[in-house]
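In: coordinates only, no sequence provided:
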Ligand SMILES: Nc1ncnc2c1ncn2[C@@H]1O[C@H](COP(=O)(O)OP(=O)(O)OP(=O)(O)O)[C@@H](O)[C@H]1O
Ligand SMILES: Nc1ncnc2c1ncn2[C@@H]1O[C@H](COP(=O)(O)OP(=O)(O)OP(=O)(O)O)[C@@H](O)[C@H]1O
Ligand SMILES: [Mg+2]
Ligand SMILES: [Mg+2]
């Protein structure tokens, strides 16, 4: 039943530890063991993976949970989540330690500048939750250049990435998880289309199994895969690969998780509810139509 | 009688931003085979008349008819050389063939032969800016001649040439006329040239009216004719007509 | 004796891509106040010689000296009008003043007056493309005259003009010469004009050598002089010299 | 500007809109990728207040950037023309301005110009100055050699020659450069607003993150409209200049 | 291409590098925003293999985009010139290509052309086609009216006139357009690679996130170098064309 052409998996960013399990499935051989040939395609800033998989340009892609909900609201109700890498959303706000903040509320309610992508759902969530906010907001474009240059600047970040860069640059920072504020969508979610799920149910199952096995391998020992990824992504050095892989473990396998990647109906329902309250979506989206847990 | 080659009736030309008409009710006709010289003070409308004949300019009112069979066999020599700067002498002369799609080995040879006749045999590969003013004008002449026109319209074609070259080219024109079925209308400031080359001389005045229309009856031309008293009678008569014109504004 | 106005010795000019020298060992000198006509077949190097005198072109070898006090008072009239297309007649004539920073109400009046004299009084606000060929050339002439030059270099200035205008301008040139301290060197294809306007006539041949250098001794010029036998003797002699030249390549 | 002249554009626009609308409503293009014009229009009407404010602010930045480009571009071209050694030394490096992704120097821009309009204007300027510079320089260099010779007779100062000869005959080049610069200044302003916030750029940016393609295209179309207005303005300027005086090629009839 | 001609550029480059190095090492500019040339150089040497591969891939995309722009830009200009109604109908909307942020139409590009080189080439093409089109069109329209009149005498086909008159005299305009397009195609390719991956763009993109400014500038400088090479190529082409034949302004001496 296996396809002759390799399956394509589109990442929404470069080869970094947040995709370690996918590369591990390739490097360690879990894809092959499941009779699969998978081509992993790196993405870049603004890589439109949700649209690309929705248009069936690739078979599998990595997206964020809120993107899936939004796409269902926008009439592309074709995308279905299969495997959620991060159980705890790694998105966070990074501040200079010198500000003495205790949490996100302090960031929002004090002077200073906060760099973030204002269009992100969590940005709207936080703005609503902590209204009226006092901090001045400005767009975030990646990197920590402006943050580094000005101690009154706070910025969005991934807990697995920018804080490490900041530490390496000798900055003292505090990192506050967005998840702690109550907004905690799954992140780095493997998706395919309902059509594919219907037409190739067995293949999808094997992909999920291989990915899960890949993540198990990666969490157990990331070094071989890190080495392979660092050949692809030259911008990240070995130490960052190592540290980042270590930092992300509790977010991928928090205490009490029965199986890697598994999602719950309650959390999807909460996300739909939050996005509805934020008026990011307008239609009634059925949370159970957004994901499947395959064994 | 045969239909006239060119018929001009009550021709008026006015440019949009000018106060007066440039040509005012000009009427004349040119018989088949007849050659005409155009004389007149600077700025009186000679070039304009020639451009109207060629169809480059449209009349403001009046009629202007060129006989059917001649219409596609007109050639024009502008008052200035107007060569294409990025084409060599030969390429400039071949331009008409290229544009009408009739470039062949034969037409190319014809072009080279014409250029030789005009004393430009050694300048075939030069660009216009490398030629003297008179040479440029001769290239322009060659460009008009190679298309074997039936009617040739020439705007002061020899003004930039020395007397000797000028005489040679005058005679070349006469030869062409005799050899091929060619007639010409030309503008000149030389009354002698008008008499020598024209069967008729039209004199325009400053108001753009036809002041005189002299028929020239002389024996077959050669340069010695210019020394004959009959020739000089014509020249003197025209000179007088010319001097009778009102002074240039 | 006074230093000559212009001294030319063993002048050679060759263009990079030409096979022969354009000017070959040309030597002559022009006394202060003397006016010189340049004659020669088309393409022999007259324009080139004039451009060398003006300093537009540099000699390949040889000496060329223009007397100190005259050097900054030269004016040049090109063989073609060379007007600035986006400037009106008057603006074209004012160009020299604008460029040398000497535009005043007075110089402007002078320009208008010169243009009137040249029969262009009603064309002050026209652009060059709206003028006839002869008018354009007269504008170019006005542009050279308004600067009150001490030495005027003219390249076939009257070739595009009818006889009557031409005679008027010839006399204007003579008047200016008498009135101001002006001398001129000019190229012409008219032997009569050369004799009429020149104190001396230089004849160049096709090899770019000075073939003849005739001094003209005639009474004060007026147009009637052209009918006198002495005048015609000069013309005939020069004509013969001219015809003795080798044929144009 | 006569109706007849503009008619083809309107007809084309109409056809385009119809084809677009149909191909979306028939499902040839998924509307979450390319929303139908009707959808864009509905969104635009709904958010007209925001769009209007954003458009105005972007317009002012574009205009600033464009004027700075014109002034500095033409001036630099003249400097390079006057001092060839400058040209040879610096011009090759001007290409840097064109090739550097604004986003790579965003932190520098922000530090120098702050989060705000100045950065946006700087960005609009940076991306649009080169076409004007390059075109003006070509125009200055491509003057009629015959006229150049004429001017030299009077030994004018370099400045005078440039003012009276080279600049007038470079006018068609400068106008062509401006026409190119308009679009670039627009995109420069939008990208600048990605960085510094404000205007249509910020609108588009957040619509992109929210997958609001209708709003994205609404914003993009608003910016295109701005550019169109400016292009028409430059066409008018060009008619004004060229209609009054023949800044054309040939020096003699 | 003689040494003496290039010397000022080298000297300027040297001075620039020294000033840059000093102002970073003296702490005038923080080196995490603008790293010192020495740092960039060290990184470039360290990652030379990757940089080289990325540069080659970007270069090929730029070249593709540029060639497509030249061919399609000139062809479109000729079409617009020949059919003025097309020009009036479509040209105003071409400005859209210039003003749309690539990122806004990235999903469309990726869906049409996939993740990979084709999208990058398309992006390079989209941003660089307009300058060539606009300049060529101006060039075609600005031919010497005297020569136009001459050509009309022979009643040539429209195509012949364009081939023998308008195109030759548009050459300086086309070359100026190409010079502008080089930089734009470069930035277009880089931005395309931000989205579709590969080449210097992907390198710069991930280096930006990693705050590897040394690598960001290494990539940017590599892309500038590419553009420089292309500009020099176009200069050579221009000398070749203009040196052989005077495609200049004036129709008569
Ligand atoms: N720029 C140039 N490059 C090469 N050759 C040139 C150049 N200018 C002139 N020549 C050549 O020099 C010779 C003399 O030219 P010049 O213009 O001086 O002739 P002329 O005597 O003024 O002729 P005419 O009476 O036709 O104006 C010609 O053979 C011409 O081809
Ligand atoms: N395009 C134009 N626009 C306006 N006026 C024009 C235009 N062309 C010619 N004229 C005017 O028409 C008149 C006649 O010009 P034309 O060129 O026919 O004169 P001409 O007899 O050939 O003179 P010349 O002997 O000096 O060449 C002149 O007064 C001129 O100013
Ligand atoms: Mg005329
Ligand atoms: Mg000459």
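Out: Cool, got the structure. None of the values given here were measured: they were computed from a predicted structure. Ligands and ions are numbered 1, 2, ... in the order given.
In: residue ranges with poor pLDDT in the stretch 51-200 of chain A?
Out: A:76 (pLDDT under 70).
In: can you list the residues of it near chain E?
Out: Within reach of chain E by C-beta under 8 Å from any C-beta of the partner chain, the stretch 51-200 of chain A has these residues: A:51-52, A:55, A:57-58, A:141-145, A:148-149, A:161-162, A:165, A:169. Bear in mind the C-beta positions are built from the backbone N, C-alpha and C, glycine included.
In: nearest to chain C, of those?
Out: Proximity of those to chain C (C-beta to the nearest C-beta) peaks at residue A:141, which lies at 48.2 Å.
In: in a helix, that closest one, correct?
Out: No. Going by DSSP: H, G, I helix; E, B strand; the rest coil, the assignment for residue A:141 is coil, not a helix.
In: which one is residue D:113 nearest to, not counting chain neighbours?
Out: residue D:119 (4.2 Å; C-beta to C-beta, 6 or more residues apart in numbering or on different chains).
In: taking the residues of the stretch 51-200 of chain A next to chain E, please make a ChimeraX selection of just the buried ones.
Out: Applied in ChimeraX, the following selects the buried portion of these according to 16 or more other C-beta atoms under 10 Å in any protein chain shown:
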select /A:51,52,55,57,58,141,142,143,144,145,148,161,162,165
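In: show me the subset of the residues of the stretch 51-200 of chain A next to chain E that also lies near ligand 3.
Out: Among those, no residue is within reach of ligand 3 (C-beta under 5 Å from the ion).
In: out of the residues of the stretch 51-200 of chain A next to chain E, which one sits closest to residue A:220?
Out: Relative to residue A:220, the closest of these is residue A:161; by C-beta to C-beta it sits at 22.0 Å.
In: contacts only, for residue 47.
Out: Defaulting to chain A. Shown in contact with residue A:47 (C-beta atoms under 8 Å, 6 or more residues apart in numbering or on different chains): A:10, A:11, A:12, A:13, E:106, E:110, E:115, E:195, E:196, E:197.
In: wrong chain, I was asking about chain D
Out: Contacts of residue D:47 by C-beta under 8 Å, 6+ apart are D:215, D:218.
In: pretty sure residue B:111 is touching residue B:90, no?
Out: Yes. Contact criterion C-beta atoms under 8 Å: residue B:111 and residue B:90 qualify, at 6.4 Å.
In: out of those two, which sits in the more crowded spot?
Out: Counted by other C-beta atoms under 10 Å in any protein chain shown, residue B:111 and residue B:90 do not tie: residue B:111 has more neighbours, with 26 against 19.
In: three-state assignment of that one?
Out: Going by three-state DSSP: residue B:111 is helix.
In: how far away is it from residue E:23?
Out: 67 Å (C-beta to C-beta, to the nearest Å).
In: check residue D:74 too.
Out: From residue D:74 to residue E:23 the distance is 29 Å (C-beta to C-beta).
In: which one's more surrounded, those two?
Out: residue D:74 (23 against 13).
In: name the element the nearest residue to that one once chain neighbours are set aside belongs to?
Out: Computed as C-beta to C-beta, 6+ apart, the closest residue to residue D:74 that is not its neighbour in sequence is residue D:136, at 5.2 Å. Using DSSP states H and E, the element containing residue D:136 is helix D:117-141.
In: and the next helix or strand past that helix?
Out: helix D:145-153.
In: after that next one, next one along is what?
Out: With DSSP H and E, the next secondary element past helix D:145-153 is helix D:158-161.
In: check which helix or strand residue D:18 maps to.
Out: helix D:3-25.
In: tell me which residue is most central in chain D.
Out: Nearest to the geometric centre of chain D sits residue D:182, at 1.4 Å (C-alpha atoms, centre = their mean).
In: quickly check: the stretch of helix or strand residue D:184 belongs to near chain E or not.
Out: Assigned by DSSP H and E, residue D:184 falls within helix D:167-196. Yes. Helix D:167-196 reaches chain E (C-beta under 8 Å from any C-beta) through D:169, D:172-173, D:175-176, D:179-180, D:182-184, D:186-187, D:190-191, D:194.
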